[in-house]
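**Student:** for reference, the sequence and a predicted model appear below.
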Amino acid sequence: MNAKQLQWAKRFKWISLAEGLSFILLLGIAMPLKYRYGMPLAVKYLGWLHGLLFVVYGYVVFPTASHLKWSFGRIFFALVASVLPFGPFLFDRNLKKSQQTKL
């Protein structure tokens, strides 16, 4: 992997992990605070942050796929992972395994 590909891979990894973490926090902390304790501001702000990170994730998948020469299946997996809890973490793990086998 050359320097430019490594830069794209690192950028995607951090965006992916941030998006995944925001989703987990939204579902695991903000939603219970709203519906169990009547604190809707947690969902408002964390939901806004998660929405922004979700859009950034979707926007970055395609240029990253182009630079790293991902297959259609890998792109599809990346997009599906963005809507599943823990999906970005699973995708990152899968990506690490495939990069290690290439080395």
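**Tutor:** The structure has been received and is ready for your questions.
**Student:** does Pro85 count as helix, strand or coil?
**Tutor:** State at Pro85, reduced to three classes by DSSP: H, G, I helix; E, B strand; the rest coil: coil.
**Student:** wait, isn't it in contact with Ile24?
**Tutor:** Yes - with contact defined as Cβ atoms under 8 Å, Pro85 reaches Ile24; the gap is 6.3 Å. In this view, the C-beta of every residue, glycine as well, is placed from N, C-alpha and C.
**Student:** the two: which is more packed in?
**Tutor:** Ile24 (15 against 12; other Cβ atoms under 10 Å).
**Student:** mind listing what that one touches?
**Tutor:** 85-86 (Cβ atoms under 8 Å, 6 or more residues apart in numbering).
**Student:** state the pLDDT value of it.
**Tutor:** Looking at Ile24, its pLDDT is 95.
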